[in-house]
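Need coordinates for the following:
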Amino acid sequence: MSPCGASSVGRRRVFGAAGEDITRSAAGRAALEAAAFAPVTLLPPSGVSWRAESDDVIVPAWQLPPERPGVHVRIDGHGAVRTVSAMRWGRREDTGFG
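This next block holds a predicted model:
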């Protein structure tokens with residue numbers, strides 16, 4: 001028991017996977033989460049390039065080895081993030097990973 005009376009649960013591995021496909025998929029997820037939850041980490045000094053795809057969609061892109069994900073961020077008229085999307089590496093039904 002800890003000093004405050006709570007017991008320590010510890011950590012247990014729930015999933016175990018490794019390999020290039022897992023790494024590529026994780027890079028896409030990390031890019032999506034950075035754009036959605038920590039956009040300040042995507043400022044140009046961090047090696048991120050930006051382009052405007054339309055009046056309400058901006059696209060940051062940066063090297064996140066082994067990927068260079070292009071995340072599409074839809075913003076409203078005040079600049080608030082409305083949606084975030086990107087193509088991610090994953091298993092395809094008919095052709096394996098892609």
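
If we go by neighbour counts, what in the helix or strand hosting Glu33 is buried?
Assigned by DSSP states H and E, Glu33 belongs to helix 20-37. By 16 or more other CB atoms under 10 Å, the buried positions in helix 20-37 come out as 24-25, 27-28, 31-32, 34-35. Quick note: C-beta positions are derived from backbone N, CA and C, even for glycine.

go on, stretch 54-65?
Neighbour counts using 16+ other CB under 10 Å place 58-62, 64 of stretch 54-65 among the buried residues.

Arg12: which of the residues you listed is nearest?
Of all the buried residues of stretch 54-65, Arg12 sits closest to Leu64, with 28.2 Å by CB to CB.

Kindly provide the distance from that closest one to Ala18.
Distance, Leu64 to Ala18, by CB to CB, to the nearest Å: 18 Å.

what does Val59 give?
According to CB to CB, Val59 stands 30 Å off from Ala18.

on that earlier part again, please pull up the helix or strand immediately following the helix holding Glu33.
Reading on from helix 20-37 to the C-terminus, the next helix or strand found by DSSP H and E is strand 49-54.

Now, the buried residues of stretch 54-65 that are in strands?
Residues of these located in strands (DSSP state E): 58-61.

now those as CSV including pLDDT?
Rendered in CSV, the data for these read as follows (pLDDT from 0 to 100):
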residue, pLDDT
Ile58, 91
Val59, 90
Pro60, 87
Ala61, 83
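
of the buried residues of stretch 54-65, closest to Gly77?
When these are ranked by distance to Gly77 (CB to CB), Ile58 comes first, at 13.4 Å.

Just list the residues touching that closest one, thanks.
Neighbour list for Ile58: 50-52, 73, 75 [criterion: CB atoms under 8 Å, 6 or more residues apart in numbering].

let's see 10 Å
Shown here is Ile58, whose contacts under the criterion CB atoms under 10 Å, 6 or more residues apart in numbering are 35, 39, 50-52, 71-75, 79, 81.

out of the buried residues of stretch 54-65, which one sits closest to Gly10?
Proximity to Gly10 was ranked across the buried residues of stretch 54-65 by CB to CB; first place goes to Leu64, at 31.0 Å.

In space, what's closest to the closest one - neighbours in sequence excluded?
Ala27 (4.5 Å; CB to CB, 6 or more residues apart in numbering).
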